[in-house]
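1. Dropping the sequence and predicted coords here.
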Amino acid sequence: MASLAVGLAACGQGVAADATATLPLKRGYYVASDTPCGQASNATTVLLRRDGIGGARDFCEFRKIERAGPNTYRVTEACGDLQDQAPPEVGVTTYTLSGDTAFTSRNASGWEHSARYCAQSSMPADWRANDISDIIG
């Protein structure tokens, strides 16, 4: 996930961008597309909040969200390691959505991440016990 902070993503191809307040995705846990929800781990899970997305060690705050196509968004993010005091790195990541419960994100260095929403009740016990209502609401 830390790789999300690297570089700038490719911009839209001739499509005028429209600013939006949030990504139109269901908030909550997203697990790597090739991992069953019940087998999620810190390495395969991110938490999508209204203001950003992050894993066990990092967080990317959404600074600007622009709609670049019917299901594509350019997101300016400030990403940092939660255990490091270094200032966050700002870059642009392109999110391609599949409905409101799955996405693929890609940055300019070519790093790509695909994930889909997993209901909290379908996650391993450690995630089911977390009260995330205040940060996804």
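-> Received the coordinates, thanks.
2. Look up the residues forming beta bridges with the most centrally placed residue in the chain.
-> Taking C-alpha atoms, centre = their mean, the centroid of the chain lies closest to residue 53, which sits 4.3 Å from it. Legend: beta-bridge partners of residue 53 under DSSP bridges are residue 48, residue 60.
3. CA atoms of stretch 74-84 as CSV?
-> Once non-C-alpha atoms are left out, stretch 74-84 reads as follows in CSV (Å, rounded to 0.1, in the frame of the first residue of the first chain):
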residue,chain,number,x,y,z
ARG,A,74,-8.1,10.9,-10.5
VAL,A,75,-7.3,11.3,-6.8
THR,A,76,-4.7,13.6,-5.4
GLU,A,77,-3.5,11.8,-2.2
ALA,A,78,-1.2,12.7,0.6
CYS,A,79,0.2,9.3,1.7
GLY,A,80,2.4,8.5,4.7
ASP,A,81,3.6,5.7,6.9
LEU,A,82,1.7,5.7,10.2
GLN,A,83,4.8,4.7,12.1
ASP,A,84,7.1,7.4,10.6
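4. Quick check: buried residues in it?
-> Neighbour-count burial for stretch 74-84 flags 74-80 (criterion: 16 or more other C-beta atoms under 10 Å). Placement of C-beta: from N, CA and C, glycine included.
5. The protein: helices as residue ranges?
-> Ranges of helices in the chain, per DSSP state H, are 125-128, 133-136.
6. Of all these, which one is nearest residue 93?
-> For residue 93, the closest of the helices of the chain is helix 133-136, at 19.8 Å, according to C-beta to C-beta.
7. By mean pLDDT, point me to the weakest helix or strand of this protein.
-> Scoring the helices and strands of the chain by mean pLDDT, DSSP states H and E places strand 18-20 at the bottom, with a mean of 70.
8. can the buried residues of stretch 74-84 go into JSON lines with extra columns for distance to residue 133 and pLDDT?
-> Formatted as JSON lines, these follow (distance: C-beta to C-beta, whole Å; pLDDT from 0 to 100):
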{"residue": "74", "distance to residue 133": "29", "pLDDT": "96"}
{"residue": "75", "distance to residue 133": "24", "pLDDT": "95"}
{"residue": "76", "distance to residue 133": "27", "pLDDT": "94"}
{"residue": "77", "distance to residue 133": "24", "pLDDT": "93"}
{"residue": "78", "distance to residue 133": "25", "pLDDT": "93"}
{"residue": "79", "distance to residue 133": "24", "pLDDT": "91"}
{"residue": "80", "distance to residue 133": "24", "pLDDT": "90"}
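9. Please consider this matter closed, and thank you.
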